[in-house]
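Engineer: let's see this in three dimensions:
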Amino acid sequence: PWQETVLRAFGRGERGIAVRSCHGVGKTATAAWLTWLMLLTRFPQKTIATAPTSAQLQGALVPEIKMWGTRLPPVLQALFDVKASGIYLKEAPSASYFEARTSRAESPEALQGIHSDYVLLIGDEASGIPEQVYEASIGSMSSEEAITLLIGNPVRTSGFFYDTFHRPGIRERWFTIKVAHYDSTRVSAEFVEDVRRRYGEDSDAFRVRCLGEFPKADDNTVIPFEWVQAARERDVVEAENVKRVWGLDVARFGSDRNVLAERTNRSGRVLDVWGQTDLMETAGRVAARGNA
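Structural biologist: I've put the predicted structure just below:
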């Protein structure tokens, strides 16, 4: 039923649709259906999907869209070229297509400069999409038939996705819906009970994963839930020409040891371990190794 509600909101022309939900309720399928609706019934049109990580796009959303494409009648399948990160109308590939583009703060152009008579912008795992990407997307919503769909688990209590549900002046312009585990027959009772037993019914994990609620902003939280979630899902890009960084744990005398380690990008290794030296000897040993 909640999927029908979203589809009807799209059909009546809601320009902004935001869906926050628990896990496993069919968000990705809904985005796939709307993608094919654009490809099959609008022209010219451009549908662009983005997510914080390439794994989310290439491991979830893009395969889901392609899977639903295989269920089309062969005569409709034959109209499109299906490629790794996009689907293109053969007769007019530059005028009607779907493309998946990863969004990063340092390259926020994923949703920028999208202009057509019909535009659909899809933000998957919308809590994690950088603010710079949302800012860059404003120009792409300039046409009368432009729609933005944001879907995701509500893992952050800040950012544009959160604002569509809570911030005055923004929330009034968005059609929003919350989907909890009890709103969908797709979510198993065993999953809900497992999360309840593991984390507790009052935990942020249960709120996000089962209730589709944003986490609580507790003052006594050392590491916020959203930081942990972002660290798990983040794409880490190795920079080029990164200088080596040395770290030294000084022990001097006693049973402890001096340890000299080196890090480059995400790779690290221990260079030397020794004991029973005073500060000057330790400094000289490190300097000698650095000059070697």
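Engineer: pLDDT score for Glu238?
Structural biologist: Listed pLDDT for Glu238 reads 69.
Engineer: what's the answer for Val82, then?
Structural biologist: Value for Val82, per-residue pLDDT: 97.
Engineer: can you tell me the SS state at it?
Structural biologist: Under DSSP: H, G, I helix; E, B strand; the rest coil, the three-state class of Val82 is strand.
Engineer: check Ala49 too.
Structural biologist: strand.
Engineer: that one: how many residues sit nearby?
Structural biologist: Close neighbours of Ala49, defined as other Cβ atoms under 10 Å, add up to 28. All C-beta spots, glycine's among them, are computed from the backbone N, C-alpha and C.
Engineer: same question, Asp81
Structural biologist: 11.
Engineer: same check, this time on Glu106
Structural biologist: With other Cβ under 10 Å as criterion, Glu106 counts 7.
Engineer: and it, its phi and psi?
Structural biologist: phi -80, psi -10 (degrees, to the nearest 10).
Engineer: what about it, distance to Gln132?
Structural biologist: 8 Å (Cβ to Cβ, to the nearest Å).
Engineer: could you do Arg234 as well?
Structural biologist: 15 Å.
Engineer: ok, Tyr162 next?
Structural biologist: 16 Å.
Engineer: next secondary structure after the worst-scoring helix or strand of the chain on mean pLDDT?
Structural biologist: Using mean pLDDT, DSSP states H and E, the weakest-scoring helix or strand in the chain turns out to be helix 225-233, at a mean of 71. Note on helix 225-233: by DSSP states H and E, the next helix or strand toward the C-terminus is strand 245-249.
Engineer: Arg257: neighbouring residues, count only.
Structural biologist: Neighbours of Arg257 (other Cβ under 10 Å): 13.
Engineer: surely it is in contact with Val270?
Structural biologist: No: the criterion here is Cβ atoms under 8 Å, and Arg257 misses it with Val270 at 10.6 Å.
Engineer: my guess is Ser143 meets Leu120, correct?
Structural biologist: No: using Cβ under 8 Å, Ser143 makes no contact with Leu120, being 11.0 Å away.
Engineer: looking at those two, which one has more neighbours?
Structural biologist: Leu120 (25 against 14).
Engineer: okay, and Trp36 sits in which element?
Structural biologist: helix 27-41.
Engineer: quick check: buried residues in that helix?
Structural biologist: 27-39 (16 or more other Cβ atoms under 10 Å).
Engineer: quick one: which two of these are the most distant?
Structural biologist: Lys27 and Leu39 (19.2 Å; Cβ to Cβ).
Engineer: and the strands in the protein, which stretches?
Structural biologist: 16-21, 45-51, 80-83, 86-89, 96-102, 118-124, 145-152, 175-179, 245-249, 258-264, 267-274 (DSSP state E).
Engineer: can I get those in JSON lines including distance to Glu4?
Structural biologist: Converted to JSON lines, the strands of the chain look like this (distance: least, Cβ to Cβ, whole Å):
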{"stretch": "strand 16-21", "distance to Glu4": "13"}
{"stretch": "strand 45-51", "distance to Glu4": "21"}
{"stretch": "strand 80-83", "distance to Glu4": "26"}
{"stretch": "strand 86-89", "distance to Glu4": "24"}
{"stretch": "strand 96-102", "distance to Glu4": "22"}
{"stretch": "strand 118-124", "distance to Glu4": "18"}
{"stretch": "strand 145-152", "distance to Glu4": "15"}
{"stretch": "strand 175-179", "distance to Glu4": "11"}
{"stretch": "strand 245-249", "distance to Glu4": "55"}
{"stretch": "strand 258-264", "distance to Glu4": "52"}
{"stretch": "strand 267-274", "distance to Glu4": "50"}
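Engineer: quick one, what contacts the closest residue to Tyr134 other than its chain neighbours?
Structural biologist: Nearest residue to Tyr134 in three dimensions, chain neighbours excluded: Phe160, at 4.4 Å (Cβ to Cβ, 6 or more residues apart in numbering). Counting by Cβ atoms under 8 Å, 6 or more residues apart in numbering, Phe160 touches Ala126, Ile129, Glu131, Tyr134, Ile170.
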